[in-house]
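Participant: Sharing a model prediction with you, sequence too.
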There are 2 protein chains.
Amino acid sequence: MVERPISTLPGSDSASLDTPALVVDLDAFDANVNLVHGFFSARSANLRPNAHTHKTPALAHRQLAIKGSASGIAVISISEAEVFASNGINDIRITTQIPTYSKLNRVAVLSKSCKVSLIADNANVVGMYSEAVTAKNSSVDVLIDINVHEDRPGVHSLDHALKLANLIHDLPGLNFAGIFSSGGPLGGSSTNSLIERDLKALDTFLDYKSFLQTKGIAVTEASFGNSTHNYALIGETKGITEVRSGAYAFLDANHAEHCADLKHAAYIISTVNNRPEIARAVTDCGQKAIGRDLGAPEVLGQKNLIAAAGSAEHGLIDSADGSMLNLSIGDRVNLIPADISTTFSLHDIVYGIRGGIVDSVWHIAARGAFN
Amino acid sequence: MVERPISTLPGSDSASLDTPALVVDLDAFDANVNLVHGFFSARSANLRPNAHTHKTPALAHRQLAIKGSASGIAVISISEAEVFASNGINDIRITTQIPTYSKLNRVAVLSKSCKVSLIADNANVVGMYSEAVTAKNSSVDVLIDINVHEDRPGVHSLDHALKLANLIHDLPGLNFAGIFSSGGPLGGSSTNSLIERDLKALDTFLDYKSFLQTKGIAVTEASFGNSTHNYALIGETKGITEVRSGAYAFLDANHAEHCADLKHAAYIISTVNNRPEIARAVTDCGQKAIGRDLGAPEVLGQKNLIAAAGSAEHGLIDSADGSMLNLSIGDRVNLIPADISTTFSLHDIVYGIRGGIVDSVWHIAARGAFN
């Protein structure tokens, strides 16, 4: 593989970065992490960072160093888990059911040197987990995925959860650790409607915990996510032991209206390449450099500019009212992604900047590690 | 950077690939390339492959080996150009205006060992091109970008084109090579309306060529793209010297209805992880593994299945009529991306398969090389 050189080194002016470039404003990142982890340091629940949001070991270590953190991270795939483990993280929760032996064989190997936990909602899959880890004389924690929203993964009934918990108890190599749930999507909902929905989901979730406990089953963990928009609500709920969240550290555009206490900490620096119309500029930041499927980017600090459209290779910036844009060819525009996770996954490198100076250059080591 | 191992080697059964995996069906790829390049081998125009579609040197070399090809490729960025040049391609056209000295310095270095051509629609930028390459005692070809559709880059008037051509002639280090244009988007248009639009665009484009020639300026090249849906129409038009196209080799879902003579040659193998509803399956192929911004994927060979929705990490497969899906946890589903270019850019590796066997494992060496 061709290793692309890093052209800009720490100490450089951030204006010297070739674009499109993904940058993290470290003052804003640190403020977000300190605020949210600080909240948890005074609660019985902990925060487990979703490291699949940034895929960057250096950022995961920064998060875990703050009081109020859980002991480890959450990821989506065994590939991501392998990358983070090889970079010094030793408590990793994989938050997707894994129904294939080739991947479970890798899980079993990893679990011999790293605390690995899995989720499941299916008895056959749980059987595969046991088979795979016992073949390597290892063990994993397993949490039951609870369905708290319609048409999403997770068990749908108390009885199903009980049967699955007992199965996990009985099968060799598996430790029943508790229950797990993923919140619903943000899509277009008001903050109040999200709170209402999440309170209902929390009730459902904790009903499972109570039910299992009345049946004599210890439920050590009750892990709820993805919770940037409601971390305080979830974190103060009695019985919840863990909140999973990733976007809190960056505040992407989709979360902004629901999270008044957080700051925008990640954006793409782009350059204007063309000015085809008075109200339109073309930038070098298309879909290959900024995720758009989960919403349009916003122009940092300039509400009069709209970045609604774009192609694979180029972005468009329009003036909101059709007036002449005050942008020339060569000018730079900073774009806040709608969804920060799908944007990190497009880049190889993220630049940490502070006060206009490049402070750090980090490889996004788990980028592309989705299998 | 952590180098992820390639778990599946040539000779393996493609069923052993961990998912999500990007694969190219080599029989279909070769058929598409032979058909389209064969068309051009009997015409005066050549085909210049858009290598930014696949970012994979091995695939570019396969394309250029076929009669009817231009001598080189087209890419979007200097980073891509550097990767392909380091992998043995020595005629590279960068099809975005470049208005920054740091990138032009790299262009100038590359142009000393590789034939590099650039496009422009702006006199100041052309001045920067000259300054950068003469500082390195080098030279580049420059084509004028002609606007043939509203609100896109490119010069808007014959006079502007004439002034720019004269400027390129006069400035040291620059060779005026001809004219260039990019077609409009496919978005939702019928084949007939695309043909009508493209015929109008071709007229406009060739008017510029005639005008410059009447002013005594030699227009060696007239390069038109991106032209998978109309390569034959453009390729038979007198005066066109080059057609740029990338998707023709793969036939993504967006091009399918306009290209009856091509075959689907690239898809993502995904695995069903969950079955939350009778009419719904959840796969491991979300936006991080398949591009969705430019349209929803299609399920290869199964029109009764719909892959319209998905999140960052997961895809949904629904039955078209709400009936029970014949899919179980662990089953595999092959997904055709709406846009193949934004899907290649998500992956590190593409597997070439033939008859169910992994034939080749290629690094997508220019993935992420967008700056």
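Facilitator: Ah, there it is. As the structure is a prediction and not an experimental result, all values here were calculated from the model.
Participant: residues in contact with the spatially most central residue of chain A?
Facilitator: Nearest to the geometric centre of chain A sits residue A:53, at 3.0 Å (Cα atoms, centre = their mean). Listed by Cβ atoms under 8 Å, 6 or more residues apart in numbering or on different chains, the contact partners of residue A:53 are A:246-247, A:249-250, A:340-341, A:344. C-beta here means a position set from N, CA and C on the backbone, and glycine is covered the same way.
Participant: Would stretch A:171-181 count as contacting chain B?
Facilitator: No: Stretch A:171-181 lies out of reach of chain B by Cβ under 8 Å from any Cβ of the partner chain, never closer than 13.0 Å.
Participant: cool, and stretch A:279-296?
Facilitator: Yes: judged by Cβ under 8 Å from any Cβ, stretch A:279-296 and chain B are in contact via A:280, A:282, A:284, A:287-289, A:291-294.
Participant: Can you give me the distance of residue A:361 to residue A:289?
Facilitator: 17 Å (Cβ to Cβ, to the nearest Å).
Participant: likewise residue A:336?
Facilitator: Following Cβ to Cβ, the distance that separates residue A:336 from residue A:289 is 13 Å.
Participant: what do you get for residue A:136?
Facilitator: In this view, residue A:136 and residue A:289 are 40 Å apart by Cβ to Cβ.
Participant: What lies in contact with the longest helix seen in chain A?
Facilitator: The residue-count maximum for a helix in chain A (DSSP state H) belongs to helix A:191-214. For helix A:191-214, contacts defined as Cβ under 8 Å, 6+ apart pick out A:144, A:146, A:148-149, A:158, A:161-162, A:165, A:178-179, A:181, A:183-184, A:186, A:189, A:219, A:222, A:224, A:229-230, A:233-234, A:237, A:239-240, A:257-258.
Participant: Just after that helix, pick out the following helix or strand.
Facilitator: Scanning forward in sequence from helix A:191-214 by DSSP states H and E, the next helix or strand is strand A:221-225.
Participant: What is that following strand packed up against?
Facilitator: strand A:174-182, helix A:191-214, strand A:242-245 (3 or more Cβ pairs under 8 Å, 6 or more residues apart in numbering or on different chains; DSSP states H and E).
Participant: Now do the shortest one: distance to the chain's middle.
Facilitator: Yep, that's strand A:242-245 we're talking about. Remark: strand A:242-245 is offset 10 Å from the chain centroid, using Cα atoms, centre = their mean, to the nearest Å.
Participant: Also the second one?
Facilitator: Going by Cα atoms, centre = their mean, the spacing between the C-alpha centre of helix A:191-214 and its chain's C-alpha centre is 22 Å.
Participant: Equivalent analysis for stretch A:38-56, please.
Facilitator: On Cα atoms, centre = their mean, the centre of stretch A:38-56 falls 10 Å from that of its chain.
Participant: Can you list the buried residues in that stretch?
Facilitator: Across stretch A:38-56, burial judged by 16 or more other Cβ atoms under 10 Å in any protein chain shown covers A:39-40, A:43, A:45-56.
Participant: ok, now stretch A:157-164?
Facilitator: A:160-162, A:164.
Participant: which residues touch that stretch?
Facilitator: With contact meaning Cβ under 8 Å, 6+ apart, stretch A:157-164 is reached by A:120-121, A:123, A:126, A:144, A:146, A:155, A:179, A:207-208, A:211-212, A:215, A:217.
Participant: what's the closest of those to chain B?
Facilitator: Comparing these against chain B with Cβ to the nearest Cβ places residue A:121 closest, at 6.7 Å.
Participant: what residues are up against that closest one?
Facilitator: Contacts of residue A:121 by Cβ under 8 Å, 6+ apart are A:97, A:144-145, A:147, A:153-155, A:164, B:274.
Participant: In helices, which of the buried residues of stretch A:157-164 appear?
Facilitator: Short answer: the buried residues of stretch A:157-164 in helices (DSSP H) are A:160-162, A:164.
Participant: so residue A:113 touches residue A:85, yeah?
Facilitator: Yes: with contacts counted by Cβ atoms under 8 Å, residue A:113 reaches residue A:85, the gap being 7.1 Å.
Participant: Of those two, which one has the most company?
Facilitator: residue A:85 (20 against 11; other Cβ atoms under 10 Å in any protein chain shown).
Participant: Name the secondary structure element that contains that one.
Facilitator: Counting by DSSP H and E, residue A:85 is found in helix A:78-86.
Participant: Dump whichever helix or strand comes after that helix to CSV, keeping only the CA atoms.
Facilitator: With elements assigned by DSSP H and E, the helix or strand that comes after helix A:78-86 is strand A:91-94. What follows is strand A:91-94, C-alpha atoms only, in CSV (Å, rounded to 0.1, in the frame of the first residue of the first chain):
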residue,chain,number,x,y,z
ASP,A,91,-11.9,-3.1,27.6
ILE,A,92,-13.9,-3.2,24.3
ARG,A,93,-17.6,-3.7,23.8
ILE,A,94,-18.7,-4.6,20.3
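Participant: Relative to strand A:91-94, what are the paired strands and their orientations?
Facilitator: Strand pairing for strand A:91-94, determined by DSSP bridges: strand A:73-75 (parallel), strand A:115-120 (parallel).
Participant: pLDDT (mean, whole number) over that strand?
Facilitator: Average pLDDT, strand A:91-94: 98.
Participant: what's the first-to-last distance across stretch A:73-83?
Facilitator: 12 Å (Cα to Cα, to the nearest Å).
Participant: picking up where we left off before, of the contacts of helix A:191-214, select the buried ones using a PyMOL command.
Facilitator: Applying 16+ other Cβ under 10 Å to those, the buried members can be selected in PyMOL as follows:
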select buried, chain A and resi 144+146+148+149+161+162+165+178+179+181+183+184+186+219+222+224+229+230+233+234+237+240+258
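Participant: on that earlier part again, what's the helix holding residue A:85 packed up against?
Facilitator: Secondary-structure packing of helix A:78-86 (3+ Cβ pairs under 8 Å, 6+ apart): helix A:57-64, strand A:73-75, strand A:91-94, helix A:101-110.
Participant: So which bits of the first one are buried?
Facilitator: For helix A:57-64, the neighbour count (16+ other Cβ under 10 Å) marks A:57-60, A:62-64 as buried.
Participant: Export the strands paired with strand A:91-94 to TSV and append columns for mean neighbour count and mean pLDDT.
Facilitator: As requested, the strands paired with strand A:91-94 are exported to TSV (neighbours: other Cβ atoms under 10 Å in any protein chain shown; pLDDT from 0 to 100):
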stretch	mean neighbour count	mean pLDDT
strand A:73-75	28	98
strand A:115-120	24	98
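Participant: And those strands: which comes nearest residue B:93?
Facilitator: Distance to residue B:93, taken as Cβ to Cβ, is lowest for strand A:73-75 among these, at 40.1 Å.
Participant: what's the burial count for residue A:255?
Facilitator: 20.
Participant: give me every residue that touches residue A:333.
Facilitator: A:269-272, A:281, A:283, A:299, A:302, A:305, A:307, A:317, A:327.
Participant: now residue A:299
Facilitator: A:305-307, A:317, A:333-336.
Participant: Pick out the most distant pair among the residues you listed.
Facilitator: A:306 and A:334 (14.4 Å).
Participant: How is chain A partitioned into domains?
Facilitator: For chain A, automatic domain parsing gives the domain ranges A:14-22+A:261-363, A:26-249.
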